[in-house]
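Enquirer: show me the folded form of this:
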Amino acid sequence: MSPDARKRGYTKDFLLAAALVTTGLVISGLSLIELRARDPQQMAQATPPLQSTPGAESKPSAPSEPATTGTRPSSVPPEPARPDDEAQKTGAKPLLPPAPAEKTAPPIQQK
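Expert: Next up, the predicted model:
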């Protein structure tokens, strides 16, 4: 690449960078001007102010705790993922696909 072509390449890159920076500064300036022109009371509020609902005094404040003990119900017995052969003969289908066969390599030869 000749020095003239390299210099033209640098000049084009510099002009593009200067144009991008200028555009960013113009957009930032316009945004600041628009913010200053607005009434400061028009800013959005993140959450609405808290208000009491009608009849809140007569309602309970929180729902009652559920009557669960956190243990598994004993009325439903657990089922195996793969039923035994007798159950499969009667029509029970396994819940999981069959396990893949183990891949074993040939034994290492002693030298």
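Enquirer: show me which residues of the longest helix seen in the chain are buried.
Expert: Using DSSP state H, we find that the single longest helix of the chain is helix 3-37. Within helix 3-37, no residue counts as buried by 16 or more other C-beta atoms under 10 Å. Any C-beta I mention is one placed from the backbone N, CA and C, and that applies to glycine too.
Enquirer: immediately after it, which helix or strand?
Expert: Using DSSP states H and E, the helix or strand that directly follows helix 3-37 along the chain is helix 85-89.
Enquirer: CA atoms of that following helix as PDB?
Expert: Taking C-alpha atoms only, helix 85-89 is exported to PDB below (Å, rounded to 0.1, in the frame of the first residue of the first chain):
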ATOM      1  CA  ASP A  85     -40.300 -57.900  33.900                       C
ATOM      2  CA  GLU A  86     -43.600 -59.200  35.200                       C
ATOM      3  CA  ALA A  87     -45.200 -55.800  35.200                       C
ATOM      4  CA  GLN A  88     -44.000 -55.200  31.700                       C
ATOM      5  CA  LYS A  89     -45.500 -58.500  30.600                       C
END
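Enquirer: got the contact list for that helix?
Expert: Residues from elsewhere that reach helix 85-89, judged by C-beta atoms under 8 Å, 6 or more residues apart in numbering: residue 94.
Enquirer: can you give me the buried ones in it?
Expert: Of the residues in helix 85-89, none has enough neighbours to count as buried (16+ other C-beta under 10 Å).
Enquirer: avg pLDDT for it?
Expert: Averaging pLDDT along helix 85-89 gives 77.
Enquirer: could you give the number of residues near residue 92?
Expert: 14 (other C-beta atoms under 10 Å).
Enquirer: wait, I meant residue 110
Expert: 4.
Enquirer: per-residue confidence for it?
Expert: Looking at residue 110, its pLDDT is 82.
Enquirer: can you list the weak-confidence ranges in the protein?
Expert: Within the chain, the ranges that satisfy pLDDT under 70 run 1-2, 39-45, 48-49, 55-57, 59-69, 72-73, 79-83, 99, 103-104.
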